[in-house]
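Peer 1: Pasting the sequence and the predicted model now:
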Amino acid sequence: MKFFVDTAETDQIAELNDLGMVDGVTTNPSLILKSGRDILEVTREIAEMVDGPVSAEVVALTADEMIAEGRKLAAIAGNIAVKVPLTWDGLKACKVLSGEGNMVNVTLCFSANQALLAAKAGATFISPFIGRLDDINLDGMELIADIRTIYDNYGFETQILAASIRTVNHAFQAAYIGADVMTAPPGVIKKMAEHPLTEQGLKTFMADWEKTGQKIL
């Protein structure tokens, strides 16, 4: 499973990238706002930092404007994935931009039908939002499973990018079901390393080691 980091904070990306935990980065207008940075500047910096796809989102609502913005974003670096919303205009933009050889991430997906349309339009990635479905008492993981089945049925190459990952359980379930990619905040990825039995075991080892009176260095 590929790990994308869902942030525009370059210091957090760098820390995880040094550990080999970054296969790509996703950003959106909300994350750009939070970073306080210029979208073109920070996107360029991130794209230079990581080797994998860096999703940069258009903010236009019509197909022609999305295409124009997408071309400008794609020109920043060769590893930019243009992010478009899953609207009819977004699908039109996806078709054109992917046809020009650009990676396209179709975002704000909340149904298997939407995911099917995105694959037909040539999306590189489809981003189903797990957490937001959970917010309205629907099971976001059921959507991941449905998309996985449909894509496997017909051999679609569009990668399932599990988004709106909020918990380590979301991360586990997405991997178990077979999502190609998950994108999560840095804090969630780091929390995947934690387990109370690990902490308990380490505490015991350290206590016993102290009793030996030995040193390694």
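Peer 2: On my side now, so go ahead.
Peer 1: any idea which helix or strand carries residue 91?
Peer 2: Using DSSP states H and E, residue 91 sits within helix 88-99.
Peer 1: Quick one: list the elements packing against that helix.
Peer 2: Packing contacts for helix 88-99, counted by 3 or more C-beta pairs under 8 Å, 6 or more residues apart in numbering; DSSP states H and E, involve helix 63-74, strand 80-85, strand 103-109, helix 112-120. For the C-beta atoms, the positions are set from N, CA and C on the backbone; glycine is no exception.
Peer 1: repeat that with 6 Å
Peer 2: Here helix 88-99 touches helix 63-74, strand 80-85, strand 103-109, going by 3 or more C-beta pairs under 6 Å, 6 or more residues apart in numbering; DSSP states H and E.
Peer 1: Pull out the buried residues from it.
Peer 2: Across helix 88-99, burial judged by 16 or more other C-beta atoms under 10 Å covers 89, 90, 91, 92, 93, 94, 95, 96, 97, 98.
Peer 1: List the residues that contact the third one.
Peer 2: Residues near residue 91 by C-beta atoms under 6 Å, 6 or more residues apart in numbering: 117, 121.
Peer 1: at 8 Å what do you get?
Peer 2: Residue 91 is in contact with 106, 117, 118, 121, counting by C-beta atoms under 8 Å, 6 or more residues apart in numbering.
Peer 1: what do you get for the first one?
Peer 2: Taking C-beta under 8 Å, 6+ apart, we find residue 89 in contact with 61, 62, 63, 66.
Peer 1: could you redo the last one with a cut-off of 10 Å?
Peer 2: By C-beta atoms under 10 Å, 6 or more residues apart in numbering, the residues touching residue 89 are 60, 61, 62, 63, 64, 65, 66, 67.
Peer 1: Next, count neighbours for the fifth one.
Peer 2: Meaning residue 64. Other residues near residue 64 come to 12 when the count uses other C-beta atoms under 10 Å.
Peer 1: Is it correct that it is in contact with residue 97?
Peer 2: No: using C-beta atoms under 10 Å as the test, residue 64 is too far from residue 97 to be in contact (11.8 Å).
Peer 1: Check the contacts of residue 91 and tell me the two furthest apart.
Peer 2: Greatest spacing in the contacts of residue 91, by C-beta to C-beta: 106 and 117 (8.6 Å).
Peer 1: Between the two, which has more neighbouring residues?
Peer 2: A direct count of neighbours by other C-beta under 10 Å for residue 106 and residue 117 places residue 106 higher, at 30 against 19.
Peer 1: now the more buried one: how far from residue 199?
Peer 2: 40 Å (C-beta to C-beta, to the nearest Å).
Peer 1: cool, residue 68 as well?
Peer 2: Taken as C-beta to C-beta, the span from residue 68 to residue 199 is 52 Å.
Peer 1: These two: who's more crowded?
Peer 2: Comparing residue 68 with residue 199 by other C-beta under 10 Å, the one with more neighbours is residue 68, at 14 against 10.
Peer 1: one step back: any chance of the contacts of residue 91 in TSV, with pLDDT too?
Peer 2: What follows is those, written out as TSV (pLDDT from 0 to 100):
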residue	pLDDT
106	98
117	98
118	98
121	98
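Peer 1: okay, those in JSON lines with distance to residue 132 next?
Peer 2: Formatted as JSON lines, those follow (distance: C-beta to C-beta, whole Å):
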{"residue": "106", "distance to residue 132": "15"}
{"residue": "117", "distance to residue 132": "19"}
{"residue": "118", "distance to residue 132": "17"}
{"residue": "121", "distance to residue 132": "22"}
